[in-house]
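>>> dropping the sequence and predicted coords here.
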Amino acid sequence: NAGVTQTPKFQVLKTGQSMTLQCAQDMNHEYMSWYRQDPGMGLRLIHYSVGAGITDQGEVPNGYNVSRSTTEDFPLRLLSAAPSQTSVYFCASSYAGLAGADTQYFGPGTRLTVL
Amino acid sequence: GDSVTQMEGPVTLSEEAFLTINCTYTATGYPSLFWYVQYPGEGLQLLLKATKADDKGSNKGFEATYRKETTSFHLEKGSVQVSDSAVYFCALKTSYDKVIFGPGTSLSVIP
């Protein structure tokens, strides 16, 4: 298993550009999520999905869109990049089993800089 | 709303010292609790977890006990090593599947 994969690893955008961060998992996990990590802020949940066709907002959803058309993929779209979106982005997945005790598996991260 | 609070870092310890990183939470219902670790340049990985009150999670010499009465899940290790230098995140998973992380505590262990 490849686990959780993210592409690209690094990206530089200009203000106003759009792009999609890719995330895929091959573990048949139902639950997938996107976080951003900023110094002193820890990880903040952007969007999450409990299964194909179902998405919901996290703590900081503004400026980001997601969709979940398949179990494997959960892309994150930045429609009009802003310098405030400079961050490291992590995708995670887990099996949505009983009791909410699921281990989350994280991708290696995408480091995004918006100029 | 649901939240996780961790002690401020960074924490610097000498090798073989005792480690405690405090974590408290606010949540409705009965969340599951986790500690994740992030080594330099890597993504997060699960260190340990507990699913109900009084459960003790343990791994690699680290322990944490789910204390519902104090809404806490403090991380402890009796003797830290240089290889334990990392950022540690406390997290909870709510009954409606949202996972919330604390801000992280950076630990540096010096020989």
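Yep, it's here. This one's a predicted model, so the numbers in the text were calculated from it and none came from an experiment.
>>> quick one: name the residues of chain B near chain A.
Residues of chain B lying close to chain A by CB under 8 Å from any CB of the partner chain are B:6, B:31-32, B:34, B:36, B:42-46, B:49, B:51, B:89, B:93-95, B:97-104. For every residue, glycine as well, the C-beta is placed using N, CA and C.
>>> out of those, list just those in strands.
The members of these that map onto strands under DSSP state E are B:6, B:32, B:34, B:36, B:44-46, B:49, B:89, B:93, B:99-101.
>>> nearest to A:S84, of those residues?
A:S84 lies nearest to B:F101 out of those, by CB to CB, at 19.6 Å.
>>> how many neighbouring residues does that closest one have?
24 (other CB atoms under 10 Å in any protein chain shown).
>>> again, but for A:L115
10.
>>> the residues of chain B next to chain A, buried ones only, as a ChimeraX selection?
The ChimeraX command for the buried members of the residues of chain B next to chain A (criterion: 16 or more other CB atoms under 10 Å in any protein chain shown) is given here:
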select /B:6,31,32,34,36,43,44,46,49,51,89,93,94,97,98,99,100,101,102,103,104
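>>> now the ones in strands among the residues of chain B next to chain A in JSON lines, with pLDDT?
Listed next are those as JSON lines, based on pLDDT from 0 to 100:
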{"residue": "B:Q6", "pLDDT": "92"}
{"residue": "B:S32", "pLDDT": "90"}
{"residue": "B:F34", "pLDDT": "94"}
{"residue": "B:Y36", "pLDDT": "95"}
{"residue": "B:L44", "pLDDT": "90"}
{"residue": "B:Q45", "pLDDT": "91"}
{"residue": "B:L46", "pLDDT": "92"}
{"residue": "B:K49", "pLDDT": "93"}
{"residue": "B:F89", "pLDDT": "95"}
{"residue": "B:K93", "pLDDT": "87"}
{"residue": "B:V99", "pLDDT": "83"}
{"residue": "B:I100", "pLDDT": "87"}
{"residue": "B:F101", "pLDDT": "90"}
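>>> what about the closest residue in space to A:D38 that isn't next to it in sequence, how many residues nearby?
Take A:D38 and drop its neighbours on the chain: the residue closest to it by CB to CB, 6 or more residues apart in numbering or on different chains is A:S87, 5.3 Å away. Using other CB under 10 Å, A:S87 has 21 neighbouring residues.
>>> quick check: A:S87 vs chain B, distance?
Distance check for A:S87 against chain B: by CB to the nearest CB, to the nearest Å, it reads 14 Å.
>>> in the sheet, who's paired with that residue?
A:L112 (DSSP bridges).
>>> again with B:L75
Beta-bridge partners, per DSSP bridges, of B:L75: B:I21, B:A64.
>>> can you pull the contacts of it?
B:19-21, B:23, B:35, B:47, B:62-64, B:88, B:90 (CB atoms under 8 Å, 6 or more residues apart in numbering or on different chains).
>>> B:G78: neighbour count?
Neighbours around B:G78, by other CB under 10 Å: 11.
>>> ok, B:E63 next?
So B:E63, with other CB under 10 Å, has 16 neighbours.
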